[in-house]
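Colleague: Could you look at this predicted model? Sequence included:
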Amino acid sequence: MAAATDDAGDSNEMIRVVSSDGEHFEMPEAAANLSLVLRHMIEDDCADAAGIPLAVVAAKPLAKIVDYCTKHAAKSSGLTIEEAEELKRFDAEFIEVDTDMLYDLLVAADFMGVEGLSKLAVQRTADLIKGKTPEQNRETFGIVNDFTPEEEEEICKENEWAFQITKPPSRLC
Amino acid sequence: MDRKRPRPSPPSPSPPVTASSSSVLDDGDLLREILLRLEHPTSLVRAALVCRRWLRHASDPAFLRRFRGLHPPRLLGFYVDSASLPRPRFVPLPQPPELAAVVRRGCFDLDTRDFHFHLGTGIYYCRNGRLLVCHRGGGESTFQLRRPLHPATDGVVISTFRTPPRLLPPNKRQSRYILLPEGDGDGVACTVVTLVSSEREVFAKVEKILQAGNWDVARTSVAIELPAHWRRSLSRGFLVNGKLYMLGTTGYILGLELVSMSLFFIEVPDAVRDNCPERFQLSVKLAGKCGLYLINVEGFKIHVWLHGTDGTSTGNWTLVNTICLREVFGHLVKPSWESGDSRISLPGSGDNAEFVFLEVDGEVFCMHIVSRKVEKVYEMAMKEDFLFEIYPFMMVWPPIFPTLIKTHDQE
């Protein structure tokens, strides 16, 4: 039998963080350490009872990030194959979010320096772009087409092979 | 800049555009990281067509180098040329759906309907989505540029000329190489390199066929003395960094520097000097410092050699990889191989010595040198068929992005 997981690594201290809209969250120190920004704050003794303020991260994404870090910190080293699989499943479900939340996570993970989550959100965004026409992508991301028709035609002509969508255009959730 | 479409108003059925969405897209670093994860060049080109900002990131040379490093161009398939085939035939390899669609839409068949009195078709060059095909018949040779993935510009005839009866003195021999320009070529459609050798020496003649169809004035190199025991047939040539390398049959690679029109020899490693030509493949090193790979098969082993320095006659060979075929082939090994009746030959290879094709008893395998993965990719219909050559067909890279004249927005 495997021993029970030591949730908080060698320290059981809880770290408090405060979202931009004033909500308080708690996570084990090992989880907070997955964020480069929080780790530096902890090392500099800036983590106190009042909580570390995160000026650009709102409560909704912060709750997700706390979830992510807590899960990953609990399973950080010496993973069995099953545990690694489980973590992969967790990630896949975790990132099944609407686009608003995805953008929030992208920005927040980048700001907080949570590398694993950054990669996950970046890959998910790339997956949304893949297989779509330029027009579908403009619609998804609210971008205005600033090419002239001649420029568009030239890019298409030079790279004919790229314009062969097989999948029916799938709308973004 | 006039806008073609206004920004959709909030109640439109399209997904809502939020403040955070625009901040994601405003961050160039984040956008580049996202574009880098698109995996296939097809998705990258379509993303580049979203707007000028995305195009600017997608077309940045440093970005393209990173993209290529993460997602090296895939081998889409290969042309096989053998004695029993009327013309080289394309064999597609399994692809992820995105690229399978690219292959499905391509026109790979080397169609000869437009060529009368057709006797034969050969491939002279196959690289980065372009093939130079020569159709012979009726006393004429026609060079045609095939671009299977670019249907709109596929099949241009470069030049047709009468093939004169060879009036060479009995002791002279010719080998011909045809090279396509790497960039847009400044009006040059292709370069014809002819090596003329006699008993003791060899010289090169270089002619350019212009896009207008006419031939430019020929340039001729000074003749150089052939090494002892030189047998005069040369196999496939490779052009890299302005130098053409041709593998000779006995122990030497003949090099031609095109700008200075100078010929030179590179000796192959001592250990492989006596092997016969179908057991060799030359491959060029494109990543990092330029160089030359030599892949050879000896018994049940594949050796990969790298020629140091810049691929001139100075410099040495280093053995960089040895692969035991028994190990990597595993269950694919047949009893007849062990008995020593089978000969393994190398009919083709990829750039950077990434992969090599092996032929054993009418079956063709593709082996990735680094991962050592082996797949059977082709079987010749007739056992007594003779396989001439395999021409790998890679996914096109990089995409071609035109330079746009006006850009208003700044990063």
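Modeller: Great, that's in hand.

Colleague: give me the residue from chain A nearest chain B.
Modeller: residue A:142 (3.1 Å; C-beta to the nearest C-beta). No exception for glycine: its C-beta is placed from N, CA and C like everyone else's.

Colleague: Let me see the confidence value for that residue.
Modeller: On pLDDT, residue A:142 comes in at 86.

Colleague: So what's the residue count around it?
Modeller: 17 (other C-beta atoms under 10 Å in any protein chain shown).

Colleague: State the distance from residue B:34 to chain A.
Modeller: 5 Å (C-beta to the nearest C-beta, to the nearest Å).

Colleague: Doesn't that residue belong to a helix?
Modeller: Yes. Assessed with DSSP: H, G, I helix; E, B strand; the rest coil, residue B:34 lies in a helix.

Colleague: Which stretches in the stretch 1-150 of chain B count as strands?
Modeller: B:75-82, B:89-92, B:120-127, B:130-137, B:140-146 (DSSP state E, counting those that start in this stretch).

Colleague: Please list all residues in contact with the closest residue to chain A within the stretch 301-411 of chain B.
Modeller: As assessed by C-beta to the nearest C-beta, chain A sits closest to residue B:400 within the stretch 301-411 of chain B, at 3.9 Å. Taking C-beta atoms under 8 Å, 6 or more residues apart in numbering or on different chains as the contact definition, residue B:400 lies against A:158, A:159.

Colleague: ok, which stretches of the stretch 201-350 of chain B are strands?
Modeller: Going by DSSP E, counting those that start in this stretch, the stretch 201-350 of chain B shows strands at B:201-210, B:219-220, B:224-225, B:234-240, B:243-248, B:252-257, B:262-267, B:280-285, B:291-298, B:301-307, B:317-324, B:344-349.

Colleague: Please read off the pLDDT at residue A:153 from the model.
Modeller: So residue A:153 comes in at 92 (pLDDT).

Colleague: any low-confidence regions in chain A?
Modeller: Within chain A, the stretches with pLDDT under 70 are A:1-11, A:76-77, A:164-173.

Colleague: quick one, helices of it?
Modeller: A:29-32, A:36-43, A:59-74, A:81-94, A:99-112, A:115-129, A:134-141, A:149-158 (DSSP state H).

Colleague: can you tell me which of the strands of the stretch 1-150 of chain B comes nearest to chain A?
Modeller: Nearest of those (C-beta to the nearest C-beta): strand B:75-82, 10.0 Å.

Colleague: what sits up against that closest one?
Modeller: With C-beta under 8 Å, 6+ apart, strand B:75-82 has contacts from B:88-93, B:95, B:99, B:102-103, B:108, B:110, B:122-123, B:126, B:131, B:348, B:350, B:355, B:357, B:364, B:366, B:377-378, B:380, B:385-395.

Colleague: From those, list just the buried residues.
Modeller: With burial judged by 16 or more other C-beta atoms under 10 Å in any protein chain shown, the buried subset of those is B:88, B:90, B:93, B:95, B:99, B:102-103, B:108, B:110, B:122-123, B:126, B:131, B:348, B:350, B:355, B:357, B:364, B:366, B:377-378, B:380, B:387, B:389-395.

Colleague: So which of those residues sit within helices?
Modeller: Per DSSP H, those map to helices at B:99, B:102, B:103.

Colleague: Show me which of these is closest to residue A:151.
Modeller: residue B:102 (23.1 Å; C-beta to C-beta).

Colleague: Export stretch A:57-65 to PDB, keeping only CA atoms.
Modeller: Only the C-alpha atoms of stretch A:57-65 are listed here, as PDB (Å, rounded to 0.1, in the frame of the first residue of the first chain):
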ATOM      1  CA  VAL A  57      -6.400  38.200 -10.800                       C
ATOM      2  CA  ALA A  58     -10.100  38.100 -10.200                       C
ATOM      3  CA  ALA A  59     -11.800  35.600  -7.800                       C
ATOM      4  CA  LYS A  60     -13.200  33.300 -10.500                       C
ATOM      5  CA  PRO A  61      -9.900  32.400 -12.200                       C
ATOM      6  CA  LEU A  62      -8.000  32.500  -8.800                       C
ATOM      7  CA  ALA A  63     -10.300  29.800  -7.400                       C
ATOM      8  CA  LYS A  64      -9.400  27.600 -10.400                       C
ATOM      9  CA  ILE A  65      -5.700  28.400 -10.000                       C
END
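
Colleague: check contacts around the closest residue to residue B:72 other than its chain neighbours.
Modeller: Among residues not flanking residue B:72 along the chain, residue B:354 sits closest, at 7.4 Å (C-beta to C-beta, 6 or more residues apart in numbering or on different chains). By C-beta under 8 Å, 6+ apart, the contact set of residue B:354 is B:72, B:283, B:368, B:369, B:370.

Colleague: who wins for neighbours among those?
Modeller: residue B:283 (24 neighbours).

Colleague: ok, what's across the strand from that residue?
Modeller: Legend: beta-bridge partners of residue B:283 under DSSP bridges are residue B:293.

Colleague: Test my guess that it contacts residue B:350.
Modeller: Yes. With contact defined as C-beta atoms under 8 Å, residue B:283 counts as touching residue B:350 (6.7 Å).

Colleague: Please enumerate the shared neighbours of these two.
Modeller: Joint contacts of residue B:283 and residue B:350 (C-beta under 8 Å, 6+ apart) are residue B:356.

Colleague: Sticking with the residue of the stretch 301-411 of chain B closest to chain A, tell me its helix or strand.
Modeller: Under the criterion DSSP states H and E, no helix or strand holds residue B:400.

Colleague: OK, now which residue of the stretch 151-300 of chain B is nearest to chain A?
Modeller: residue B:152 (6.1 Å).
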